[in-house]
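>>> turn this into a structure:
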Amino acid sequence: MFGSYCNNEESKGKNIGLRIYYTFLCAILVFFVVAIAFAIPDKPKNLSRDVQKLQSRVDTYREEITILKKDLKAAKDKVTSKWALPREVLVNYILEKNRKVFPALAEMIVDSTLVASKKYGIPAGVLIALMDVESDYNYQVVSEADAVGLTQVHIDTWVNTDNDKENLIKLGVLDSKDDLYDPHKNIMAGGYILSKYLNHAKDKQFENPVKYALTRYYGGNENSHYLKTCKALGEIYIYSTKISN
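Modelled structure (predicted):
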């Protein structure tokens with residue numbers, strides 16, 4: 001009996017020792033967990049602060065960009081206003097440049113030019129200068145290369161072509177090739193073609209989009225068309241200055 005009692009006491013002692021041992025381990029584990037929790041930085045809060053700072057910077061940049069856009073538009077409007085050519089000046093210039101053009105036709109040419117200018121974003125003076133070089137304001141002229149009208153639209157390139165992206169009829173610019181003999185529709189067609197070349201040059205970030213567009217308009221290779229058009233444009237502005245004075 002004494003032996004069994006000793007065995008029981010010994011067993012109890014072992015159990016108490018194990019409990020103390022496990023309690024100690026748990027205490028150490030809890031200590032490390034708490035220590036790690038305090039040691040780790042509060043990332044979500046820090047991240048949230050960083051995001052807020054970035055958002056604040058983005059908002060500031062957006063405001064600055066908005067202001068710059070307004071300034072740019074104001075500057076552009078100022079330049080456009082300065083170089084804008086009055087309708088009467090353009091009409092009188094055409095009448096003086098080609099005495100065969102009657103007043104009603106000159107007015108139609110200028111009015112159509114102003115419409116094309118607004119639609120395609122091309123200065124009216126450039127389109128007038130283009131017609132000065134291309135046709136001398138003769139709406140019935142047909143070149144040896146089968147280019148028609150005021151802006152000399154080449155029929156094979158822009159009407160008879162199977163390329164849907166260049167066919168002016170399929171694009172809705174013309175209803176038929178006979179429209180090229182209509183001064184208004186011919187000018188709208190010429191404006192579309194020139195704007196197409198200008199937009200391509202801008203997309204490709206060419207150094208001189210206007211030179212590229214006018215060169216392509218005449219055939220694509222290096223030629224004097226750009227210089228001739230620039231000269232005609234200069235003459236228009238000189239004429240405008242003389243009339244104003």
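
>>> could you check how far the residue nearest the centre of the chain is from S195?
The residue lying closest to the centre of the chain (CA atoms, centre = their mean) is D203, at 7.7 Å. Distance of D203 to S195, given as CB to CB, to the nearest Å: 12 Å. (Each C-beta comes from the backbone N, C-alpha and C, glycine too.)

>>> ranges for the helices of the protein?
With DSSP state H, the ranges of helices along the chain come out as 2-39, 43-83, 87-97, 103-120, 124-134, 155-158, 183-203, 209-218, 225-244.

>>> quick one on the thing from earlier: tell me the contacts of the residue nearest to the centre of the chain?
With CB atoms under 8 Å, 6 or more residues apart in numbering as the criterion, no residue contacts D203.

>>> look at it and report its pLDDT.
At D203, the pLDDT value in this model is 93.

>>> what does I40 give?
I40 is given a pLDDT of 51.

>>> same deal with V51?
70.

>>> next, count neighbours for it.
Using other CB atoms under 10 Å, V51 is surrounded by 10 other residues.

>>> and the gap between it and R57?
11 Å.

>>> same question, Y139
In terms of CB to CB, Y139 sits 58 Å off from R57.

>>> higher neighbour count, these two?
Set Y139 next to R57 and count neighbours by other CB under 10 Å: Y139 wins out with 21 against 10.

>>> send me stretch 161-181 as PDB with only the CA atoms.
Output in PDB follows, covering the C-alpha atoms of stretch 161-181 (Å, rounded to 0.1, in the frame of the first residue of the first chain):
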ATOM      1  CA  THR A 161     -10.200  54.600-105.100                       C
ATOM      2  CA  ASP A 162     -11.200  51.300-103.500                       C
ATOM      3  CA  ASN A 163      -9.700  52.400-100.300                       C
ATOM      4  CA  ASP A 164     -12.700  53.200 -98.000                       C
ATOM      5  CA  LYS A 165     -10.500  55.400 -95.800                       C
ATOM      6  CA  GLU A 166      -9.700  57.700 -98.700                       C
ATOM      7  CA  ASN A 167     -12.800  57.500-100.800                       C
ATOM      8  CA  LEU A 168     -14.600  60.800-100.300                       C
ATOM      9  CA  ILE A 169     -18.000  59.400-101.400                       C
ATOM     10  CA  LYS A 170     -17.800  56.500 -98.900                       C
ATOM     11  CA  LEU A 171     -16.600  58.900 -96.200                       C
ATOM     12  CA  GLY A 172     -19.700  61.100 -96.800                       C
ATOM     13  CA  VAL A 173     -17.700  64.200 -97.900                       C
ATOM     14  CA  LEU A 174     -19.100  63.900-101.400                       C
ATOM     15  CA  ASP A 175     -22.200  62.400-102.900                       C
ATOM     16  CA  SER A 176     -20.600  61.900-106.400                       C
ATOM     17  CA  LYS A 177     -17.600  63.000-108.300                       C
ATOM     18  CA  ASP A 178     -19.700  65.700-110.000                       C
ATOM     19  CA  ASP A 179     -19.800  67.400-106.600                       C
ATOM     20  CA  LEU A 180     -16.200  68.400-107.200                       C
ATOM     21  CA  TYR A 181     -17.500  71.000-109.700                       C
END
